[in-house]
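Peer 1: Show me how the following folds:
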Amino acid sequence: MSSASAWQSLEAAPSLWGATATKLRDFPPLQRDAQADVVIIGAGYTGLSAAHHLAQSGLSSIVLEANRPGWGASGRNGGVITAKFRVSFPAIAAAHGKPMAKRMYDIALEATEIVSELVESYDIKAAQLTRSGQVKAAHNHETLAYAVKEADWLRSELGDTTMSVLDAGQVRDETGSDSFVGGVLNAGSGGIHPLNYLHGLAEGVAKRGVAIYAGTPALRLRREGDGVLVETTGGVVRAQQAIIATNSYSDLTPATRAYQKTLIPFRSAIIATEKLSPDLAASVMPTRRTYTETKRMMRWFRMVDDRIVFGGRGAFGKTDSAAAFAALHKAMVGIFPQVADVPLAYRWSGLVAMTLDSVPHVGRVDDRVMLAMGYNGAGVAMSSLMGRYLAAFARGGQPDVGLLDVSHMRRVPFYPLREPAVRMVAGWYQFLDAIGR
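Peer 2: Here you go, the predicted structure:
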């Protein structure tokens, strides 16, 4: 088996997105030497958004993808678009001051807006973008109080007008479930078909003349004179600058492997039911927003084409986990007992890239190499925005990225112990969730 084939076989479980995606043209592997202003390693949201914004500014780019566009996290996520970071805005204000919290809030809002801009730019109707909002559904009064306090802070300190508090009856009407004591609605969030969004970006930038090479792992990245050189299995790419956009799959290619040690990969699993009957579909999540829980091992759910799509953390290891899928199904039935007899149609998983400071990082590694990675489970919108910032850096700009600056990126200590550490922390969180803490 070739190296590329081996990588492609790592994540082979069928997903709802893969089964319902629009057909993507074949992108051949690189089979010659090539050159451009910027070489981009990774054809996910970050890399393709960067290619789009570079093209807008007149810079040429070549995109190298070890597998196929959308093979990694960009094609495996839940398609939830939300303006947030894993660390709360009040916590950012407490640690870094209110001006920094305001900048991070503005960045989060910009991230959600850029998805709409890119969908409109390439007329990606198949992305099925919605901006109907997201409900954070509280599983107990303590977490509800925390969510309400955060919403009140955003309104009073940052002037946010997108949040509204819901009581238990309103959340029941929203979800079709009696499992929650209340919640907070964020009107600016939404959902998308993540793989169709990715396919639309790939088609769009390709039509603008950007060369995308699939099945082309980057074997080595090094400086050469006043530029960079990327060696691949089929040829060499020379460029003035390089962008690394490989996120939680950075260890799959030698050229980017060192950056994996700044990330804690956390496997996220997703299940999707068969289509519900019309009556049942009308009673479950009737407003068709997206939804999250307030538990530490957070679950999220949404309705897509009359199917429940239900996901969350808790899958461990390098491959899909039957136990994780079973736990998700049990959690789903706990919230929606009326679907206990509805069969599952799809089960899949992918890697989420966590960072030590709970925020992504973007910027210059040196005068020739830039990167963006570490989206902490909120990557659809944020990775799309990071492409814009990377293009700005490539043009010689200095965008204000707040706490996301790459200078804050830290290597994970005792990196070989990351997997048992993740298991231990996740197990503790699951225990606290189970006892209602």
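Peer 1: all helices for this protein, in order.
Peer 2: 3-8, 16-20, 45-56, 89-96, 98-121, 141-158, 168-175, 194-207, 278-283, 322-335, 379-394, 418-434 (DSSP state H).
Peer 1: Output the below-cut-off pLDDT ranges for the chain.
Peer 2: For the chain, the stretches with pLDDT under 70 are 1-13, 296-297, 314-320, 414-437.
Peer 1: what's the closest of the helices of the chain to Asp400?
Peer 2: The closest of the helices of the chain to Asp400 is helix 98-121. By C-beta to C-beta, the value is 6.4 Å. All C-beta atoms are positioned from the backbone trio N, CA, C, and that covers glycine.
Peer 1: which residue lies farthest from the center of the protein?
Peer 2: Note on the chain: the largest C-alpha distance from the chain mean falls to Gly225, namely 35.4 Å (C-alpha atoms, centre = their mean).
Peer 1: Any figure for the gap between that one and Thr232?
Peer 2: For Gly225, the distance to Thr232 equals 19 Å [C-beta to C-beta, to the nearest Å].
Peer 1: can you check Thr46 too?
Peer 2: From Thr46 over to Thr232 the distance is 19 Å, taken as C-beta to C-beta.
Peer 1: So between the two, which is more surrounded?
Peer 2: Thr46 (32 against 25; other C-beta atoms under 10 Å).
Peer 1: Give me the distance between the spatially closest residue to Thr294 that is not a sequence neighbour and Val135.
Peer 2: The shortest distance from Thr294 to any non-neighbouring residue, by C-beta to C-beta, 6 or more residues apart in numbering, is to Thr143 (3.7 Å). Distance from Thr143 to Val135, counting by C-beta to C-beta: 13 Å.
Peer 1: anything in contact with each of these two?
Peer 2: Counting by C-beta atoms under 8 Å, 6 or more residues apart in numbering, no residue touches both Thr143 and Val135.
Peer 1: Would you mind measuring from the residue nearest to His199 when sequence neighbours are not counted to Leu59?
Peer 2: Among residues not flanking His199 along the chain, Leu24 sits closest, at 4.6 Å (C-beta to C-beta, 6+ apart). Using C-beta to C-beta, Leu24 is found at 24 Å from Leu59.
Peer 1: next one: Arg220
Peer 2: From Arg220 across to Leu59, the span is 23 Å (C-beta to C-beta).
Peer 1: Between the two, point out the one with more neighbours.
Peer 2: Leu59 (19 against 12).
Peer 1: Share the number of residues neighbouring the nearest residue to that one once chain neighbours are set aside, please.
Peer 2: Leaving out its chain neighbours, the residue that sits closest to Leu59 by C-beta to C-beta, 6+ apart is Asp37, at 4.3 Å. Asp37: 17 surrounding residues under other C-beta under 10 Å.
Peer 1: same thing with Leu30?
Peer 2: A count of nearby residues for Leu30, using other C-beta under 10 Å, gives 24.
Peer 1: so who does it touch?
Peer 2: Applying C-beta under 8 Å, 6+ apart to Leu30 gives the contacts 64, 213, 216, 232-235, 237.
Peer 1: Flag every buried residue along stretch 134-147.
Peer 2: Neighbour counts over stretch 134-147 (16 or more other C-beta atoms under 10 Å) mark 134-139, 143-144, 147 as buried.
Peer 1: in the stretch 201-350 of the chain, which spans are strands?
Peer 2: For the stretch 201-350 of the chain, the strands defined by DSSP state E, counting those that start in this stretch occupy 211-213, 218-224, 227-232, 236-244, 264-273, 290-293, 299-304, 307-315, 344-354.
Peer 1: can you list contacts of the fourth one?
Peer 2: So the one you mean is strand 236-244. Against strand 236-244 from outside (C-beta under 8 Å, 6+ apart): 30, 33-42, 47, 50, 62, 64, 221, 224, 226-230, 250, 256, 259, 365, 368-373, 390, 394.
Peer 1: what angle separates it from helix 379-394?
Peer 2: When axes from the mean of the first three to the mean of the last three C-alpha atoms, to 10 degrees is applied, the directions of strand 236-244 and helix 379-394 differ by 120 degrees.
Peer 1: Just the CA trace of strand 236-244, in CSV.
Peer 2: Extracted C-alpha coordinates of strand 236-244, given in CSV (Å, rounded to 0.1, in the frame of the first residue of the first chain):
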residue,chain,number,x,y,z
VAL,A,236,9.1,20.1,-5.7
VAL,A,237,7.2,23.4,-5.1
ARG,A,238,9.1,26.6,-4.8
ALA,A,239,7.5,29.7,-3.3
GLN,A,240,8.2,32.9,-1.5
GLN,A,241,6.2,31.8,1.5
ALA,A,242,4.5,28.8,3.0
ILE,A,243,1.2,28.3,4.9
ILE,A,244,0.7,25.3,7.2
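Peer 1: That strand pairs with which strands, and in what direction?
Peer 2: In the sheet, strand 236-244 lines up against strand 34-41 (parallel), strand 227-232 (antiparallel), strand 369-373 (parallel) (DSSP bridges).
Peer 1: As CSV, these with distance to Thr246 would be great.
Peer 2: Converted to CSV, those look like this (distance: least, C-beta to C-beta, whole Å):
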stretch, distance to Thr246
strand 34-41, 6
strand 227-232, 12
strand 369-373, 7
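Peer 1: do you know which of those lies nearest Gly350?
Peer 2: Gly350 sits nearest to strand 369-373 of all the strands paired with strand 236-244, at 14.6 Å, using C-beta to C-beta.
Peer 1: what does that closest one rub up against?
Peer 2: If you take C-beta under 8 Å, 6+ apart as the criterion, strand 369-373 is touched by 46, 221, 228, 241-248, 250, 259, 262-263, 353, 360-365, 383, 386-387, 389-390, 393-394, 406.
Peer 1: Got a ChimeraX select line for the buried ones in the residues you listed?
Peer 2: Here is the ChimeraX command that picks out the buried ones among the contacts of strand 369-373, judged by 16+ other C-beta under 10 Å:
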select :46,221,228,241,242,243,244,245,246,247,248,250,259,262,263,353,360,361,362,363,364,383,386,387,389,390,393,394,406
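Peer 1: Of all residues in this structure, which one is nearest the centre?
Peer 2: A centroid search over the chain (C-alpha atoms, centre = their mean) returns Gly379, at 2.4 Å, as the residue closest to the centre.
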